[in-house]
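Engineer: any chance you can model this:
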Amino acid sequence: MTIYEKNIHTLAKYYPGMDHNIEKARKELKEELDLIEELSADGEPILKIKKDGHYLYLAGKRCARKPPEEWMQEQGELCENYTFIIMGMGNIGYLRELIECVDVRLNIIIYEPSAQIFLKALEWLDLEKGMDKHLIIFWVENIGMMTLDKMNDVLKSAMKLEHLKHVQLFIEPNYDILFADKCEQLIKKCNDTALDSRMAYNTAKLFANIDSINTMKNAKYLCDAYKTIQLYETIPFDVTGIVVAAGPSLNKNIKELKKAKGKALIIAVDTAIKPLLNAGIVPDMFFIVDALKPVELVEIEGADTIPLVTTLNAAPEVLDYHKGKKFFYDEYYRFAEKIISKSGLRWGDVATGGSVATNAFSLLYKIGLKTIILVGQDLALTGNKSHADGTFQEKMPEIDTTDYQWVAGNYEEKVPTRTDLYSFLNWYVETIREFKEHVKDFRVINATEGGAKIDGTEVMTLKEAIAQTCTKEVDIAACLDTLSPMLKEEDRVWAIDYLTGIPEQFESLKKKTEKLHKSYCSLERLCKKQKMDSKQYLTLLKTIKKQIKTIENDDMYQLVTMTMPSALKIMRDEEFEHLDTLQEEGKEIARKGKLYTNLVTEGAGLLKTESEQIFSGLKDKAN
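Structural biologist: Below you'll find the model as predicted:
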């Protein structure tokens with residue numbers, strides 16, 4: 001099997017139907033580029049293109065390997081889910097470096113304006129290991145229905161406000177000359193998407209990011225909450241878990257769930273609550289993670305007492321409405337972890353695939369359940385609907401899916417899907433494969449009775465799945481009643497004191513930042529002198545680095561930077577680009593530093609005001 005054939009097989013595995021689209025494009029290909037293959041002096045296959053009487057190389061004629069290697073070294077240490085948006089595959093070295101040199105999982109979005117170049121690259125670079133390790137999306141002009149104009153949803157998914165600090169756009173060499181219009185359009189699309197994500201900063205009222213505000217508003221619930229790790233061993237391992245999502249196929253088999261009640265752990269996503277309760281089915285738990293989820297979705301008699309698994313940044317209106325047991329997992333909010341760590345319980349997180357249903361699925365695996373049934377997890381617009389009837393509307397409207405992507409279905413040959421659902425589908429495939437490597441008898445049954453096919457699952461009707469796996473009586477409510485809140489009384493009192501002191505912590509952070517601002521002003525004045533004292537310059541830099549470290553260690557710093565990704569980027573750029581002289585370099589450091597400290601100071605002040613209102617009277621209410 002050639003590398004090309006292997007790549008086609010790999011792409012079809014992750015993106016069903018892409019093999020057909022590539023083959024169709026190959027047969028219909030019009031060679032619009034004068035493409036010439038060569039070998040570089042260091043033995044790499046390279047491409048050159050004749051344009052306007054000149055040759056443009058897409059990789060180095062003498063040394064093709066070195067530039068991508070140097071670029072990779074410049075990236076430094078990358079975090080999990082760092083996103084690269086790359087224009088071009090003409091130089092396979094850049095993608096190869098990411099595949100071979102980065103251990104953490106990346107999101108790599110490649111836009112290739114030439115199908116001709118893309119097809120040639122498939123002959124040279126084996127994608128299998130990269131696709132196994134990372135989420136790689138290939139968006140190739142005119143293969144299938146892919147065009148730059150239809151790339152908006154992909155970019156929006158990658159460039160959400162909370163992710164902007166971990167997104168990088170990279171244009172491969174000479175693409176800005178060969179495809180000048182497309183390059184300009186892509187850059188504009190990325191800029192516009194990032195700008196849209198920052199719209200909340202247009203007024204002081206919207207300056208504080210919703211996640212920061214939600215997190216503070218919900219923090220009071222930690223004082224009496226439970227931790228998801230407590231479910232481990234509380235729920236018997238041999239119990240079947242059922243994740244009920246609100247895909248359009250839920251209408252087909254929702255009543256079958258009555259047979260599983262008392263014989264399984266039924267956990268529903270927020271949008272499935274109303275359809276379930278209207279059908280007379282009370283799930284054992286439900287899950288919400290969305291920061292902007294309208295409370296109307298769960299406002300139905302009985303929903304407020306169902307045990308809830310949630311996150312600190314979830315919609316506060318829903319958590320306020322809910323009166324039952326609330327379960328949280330570790331989420332990396334520094335101030336919240338100080339409270340959660342008082343429980344003495346070991347770490348317990350939930351892997352997220354981007355949706356509430358994937359979170360619920362991960363939770364059931366994490367607490368030790370070996371059989372999980374998926375219901376209403378269409379990952380497609382079955383019957384041209386986005387959700388089951390009774391979720392957002394009593395009768396969900398049909399959607400025109402003519403221009404949607406199509407993937408293999410469980411019962412239909414092909415079903416339409418969206419980019420976000422496609423991503424969730426990929427996550428399930430990869431995650432199920434990983435889970436099965438760790439737990440050999442782990443089973444996932446797709447009883448959605450519609451929707452997209454998920455590799456690694458057993459497809460059967462819900463009736464069959466319940467009859468086969470839900471054979472043991474279990475009282476989930478009784479199991480949960482054995483649990484006590486994660487904090488003992490003295491720790492609960494400490495947590496309340498800590499939360500009520502948060503406004504003062506924001507004030508302290510503000511003062512630290514103002515002090516740092518003065519140091520940047522001193523640096524600016526020093527660098528404006530005709531004869532700068534280099535020893536004083538280095539001393540000032542050392543002081544600034546210490547002050548930055550102090551600010552970074554502040555509990556409230558994370559909440560402030562969540563409101564302004566640009567400020568965090570400025571902070572990270574403090575490994576400053578080296579200019580011609582120390583004076584010029586120092587002026588640039590001071591300019592960035594003053595901008596950064598102004599943003600953080602303003603953010604700390606705004607969040608102090610918000611937190612005063614949020615935590616006022618907390619002690620009285622707690623007593």
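
Engineer: contact partners for Ala447?
Structural biologist: Neighbouring residues of Ala447 by C-beta atoms under 8 Å, 6 or more residues apart in numbering: Asn253, Ile373, Leu374, Val375, Met460, Thr461, Leu462, Glu464, Ala465. C-beta coordinates here come from the backbone N, C-alpha and C atoms, glycine included.

Engineer: and the contacts of the helix or strand containing the last one?
Structural biologist: To tie it back to what came earlier, the one meant is Ala465. Element membership for Ala465, per DSSP states H and E: helix 462-469. Residues external to helix 462-469 that are found in contact with it (C-beta under 8 Å, 6+ apart): 240, 253, 256-257, 259-260, 263-264, 371, 373, 375, 443, 445, 447, 449, 460.

Engineer: now do stretch 69-85
Structural biologist: Residues from elsewhere that reach stretch 69-85, judged by C-beta under 8 Å, 6+ apart: 93-94, 97-98, 101-102, 104-109, 111, 155, 158-159, 163, 166-170, 186, 190.

Engineer: which members of the residues you listed occur in strands, if any?
Structural biologist: Using DSSP state E to define strands, the subset of these located there is Asn107, Ile108, Ile109, Tyr111, Val167, Gln168, Leu169, Phe170.

Engineer: please spell out which residues along stretch 433-444 are buried.
Structural biologist: Using 16 or more other C-beta atoms under 10 Å as the test for burial, stretch 433-444 gives Phe435, Phe442, Arg443, Val444.

Engineer: ok, of those residues, which one's closest to Ala495?
Structural biologist: Nearest to Ala495 out of those is Phe435 (C-beta to C-beta; 34.0 Å).

Engineer: and the closest one, what pLDDT?
Structural biologist: If you check Phe435, the pLDDT there is 93.

Engineer: picking up where we left off before, is it possible to mark the buried ones in the ones in strands among the contacts of stretch 69-85?
Structural biologist: Neighbour counting over the ones in strands among the contacts of stretch 69-85 (16+ other C-beta under 10 Å) leaves Asn107, Ile108, Ile109, Tyr111, Val167, Leu169 as the buried ones.

Engineer: can you name the residues that contact the nearest residue to the second one once chain neighbours are set aside?
Structural biologist: I take that to be Ile108. Distances taken as C-beta to C-beta, 6 or more residues apart in numbering put Ile136 closest to Ile108, at 4.6 Å, once the chain neighbours are dropped. Residues in contact with Ile136 (C-beta under 8 Å, 6+ apart) are Tyr14, Ile108, Ile109, Ile110, Leu127, Gly130.

Engineer: which SS class is Ile136?
Structural biologist: Secondary structure of Ile136, reduced to three states by DSSP: H, G, I helix; E, B strand; the rest coil: strand.

Engineer: wait, is Ala388 part of a strand?
Structural biologist: No: counting by three-state DSSP, one finds Ala388 to be coil, located in no strand.

Engineer: residues touching the residue lying closest to it once chain neighbours are set aside, list them.
Structural biologist: With sequence-adjacent residues excluded and distances taken as C-beta to C-beta, 6+ apart, Ala388 is closest to Leu250, at 3.8 Å. Contacts for Leu250 (C-beta under 8 Å, 6+ apart) come out as Val244, Ala272, Pro275, Val375, Gly376, Ala388.

Engineer: follow-up on the earlier one: ok, the residue nearest to Ile108 to Glu430 distance?
Structural biologist: For Ile136, the distance to Glu430 (C-beta to C-beta, to the nearest Å) stands at 12 Å.

Engineer: what do those two both touch?
Structural biologist: With contacts taken as C-beta under 8 Å, 6+ apart, Ile136 and Glu430 have no neighbour in common.

Engineer: count the neighbours of Ser616 for me.
Structural biologist: Neighbours of Ser616 under the rule other C-beta atoms under 10 Å: 12.

Engineer: so which of the buried residues of stretch 433-444 are in strands?
Structural biologist: Arg443, Val444.

Engineer: of all the buried residues of stretch 433-444, which two lie farthest apart?
Structural biologist: Phe435 and Arg443 (10.1 Å).

Engineer: for Lys261, which residues are in contact?
Structural biologist: Ile281, Val282.

Engineer: tell me where the stretch 501-623 of the chain has helices.
Structural biologist: Remark: helices assigned in the stretch 501-623 of the chain by DSSP state H, counting those that start in this stretch are 502-527, 534-552, 557-562, 565-572, 582-615, 618-622.

Engineer: would JSON lines of the ones you listed with distance to Ile399, mean pLDDT and mean neighbour count be doable?
Structural biologist: Formatted as JSON lines, the helices of the stretch 501-623 of the chain follow (distance: least, C-beta to C-beta, whole Å; pLDDT from 0 to 100; neighbours: other C-beta atoms under 10 Å):
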{"stretch": "helix 502-527", "distance to Ile399": "44", "mean pLDDT": "95", "mean neighbour count": "18"}
{"stretch": "helix 534-552", "distance to Ile399": "46", "mean pLDDT": "92", "mean neighbour count": "14"}
{"stretch": "helix 557-562", "distance to Ile399": "34", "mean pLDDT": "87", "mean neighbour count": "24"}
{"stretch": "helix 565-572", "distance to Ile399": "33", "mean pLDDT": "49", "mean neighbour count": "18"}
{"stretch": "helix 582-615", "distance to Ile399": "38", "mean pLDDT": "89", "mean neighbour count": "20"}
{"stretch": "helix 618-622", "distance to Ile399": "45", "mean pLDDT": "67", "mean neighbour count": "12"}
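
Engineer: I'd like these as CSV, with distance to Tyr422 appended.
Structural biologist: Conversion of the helices of the stretch 501-623 of the chain to CSV gives the following (distance: least, C-beta to C-beta, whole Å):
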stretch, distance to Tyr422
helix 502-527, 40
helix 534-552, 37
helix 557-562, 28
helix 565-572, 26
helix 582-615, 35
helix 618-622, 43
